[in-house]
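1. fold the stuff below for me.
(chains A and B)
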Amino acid sequence: MVNKDMGIFPNDDDLIKIRNDMLRFAQLQLRDTTLAEDAVQEAFAAAFSNADQYAGRASVRTWVFTILKNKIVDQIRRQSRMVNISSMSSDSDDFDEQFEKLFNENGYWLPEARPRGWENPEDSLQQSQFWIIFEACLSHLPEKTARIFMMREFLELHILEICSELGITASNCSVTLHRARLGLRGCLDRRWFNKKEGIC
Amino acid sequence: MLNCKEVTYLVSEHQDRKPSLKESLHLKLHLMMCAGCRNMEQHVKFLRQATTRYAIEVNKDDHG
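-> Presented below is the predicted three-dimensional model:
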């Protein structure tokens, strides 16, 4: 456990663990091992060179994760200047198809797709198994969809910042977030909250 | 009258910007009558809670 009260630097084992968690977090957002490693490397470099600014208000983990988030945003900015986001949509046909299967031609839920209640969902937040499913569901989102969702939810960027970074319209962004949320909701429902035993 | 597809879009959009009064009223009316969309709204709110928690969760030693 990292000491949260004082600015004591974590030991080697803690540091390795932090690094692995950071890599997983960066990988999930950037979907590229090399870029993820670069972002983590940069975050550590920034953390070390600014070590004297670290006042021990938060845990070292929280501190380096905050730096990492900024590095990921930088990386996304760099990337979005090089890659046209609209060229990232080729992998989302299945996903769009699944989305269309939720509603009938009048736009009402099809019976099998109508969301059922989740019992005490907050309890799941305490279970490490839940987070494994949560990450799996995130990584099943198509790349472009996941990118926009992550920028909104993990990096907490405003929707207008996201569309200006990625060069898309605000409504395009909202449509994508709608699909991302319904997709994630469906995935968590199938794989966790209303999981049928014996079916993967 | 909004259908479920439109309602779920608005529910999602309201996570990102403030709704207008008119939208809120339309939404409330639909949600009162539609359990599917009510559940969806709960789930979307839970997703926000979970993503916020995720960053904290990766801070914990017992995760991963």
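2. could you point out the longest helix of chain A?
-> Longest helix of chain A, by residue count under DSSP state H: helix A:60-82.
3. show residues contacting that one.
-> The contact list for helix A:60-82 (C-beta atoms under 8 Å, 6 or more residues apart in numbering or on different chains) reads A:2, A:7, A:9-10, A:18, A:21-22, A:25-26, A:29-30, A:35, A:38-40, A:42-44, A:46-47, A:54, A:58, A:147, A:151, A:154-155, A:157, A:165-167, B:55, B:58-59. C-beta: built from backbone N, CA, C; applies to glycine.
4. tell me what the helix or strand following it is packed against?
-> Scanning forward in sequence from helix A:60-82 by DSSP states H and E, the next helix or strand is helix A:93-100. The contact analysis (3 or more C-beta pairs under 8 Å, 6 or more residues apart in numbering or on different chains; DSSP states H and E) places helix A:93-100 against helix A:170-188.
5. in the helix it packs on, what's buried?
-> Buried positions in helix A:170-188, judged by neighbour count with 16 or more other C-beta atoms under 10 Å in any protein chain shown: A:173-188.
6. cool, and stretch A:13-33?
-> Going by neighbour count (16+ other C-beta under 10 Å), the buried part of stretch A:13-33 is A:14-15, A:17-19, A:21-30.
7. among those, which are within reach of chain B?
-> Among the buried residues of stretch A:13-33, the residues lying close to chain B (C-beta under 8 Å from any C-beta of the partner chain) are A:14, A:17, A:21-22, A:24-25.
8. closest to chain B among those residues?
-> Set against chain B, the nearest of these by C-beta to the nearest C-beta is residue A:21 (4.7 Å).
9. quick one: the closest one from residue A:182, how far?
-> For residue A:21, the distance to residue A:182 equals 28 Å [C-beta to C-beta, to the nearest Å].
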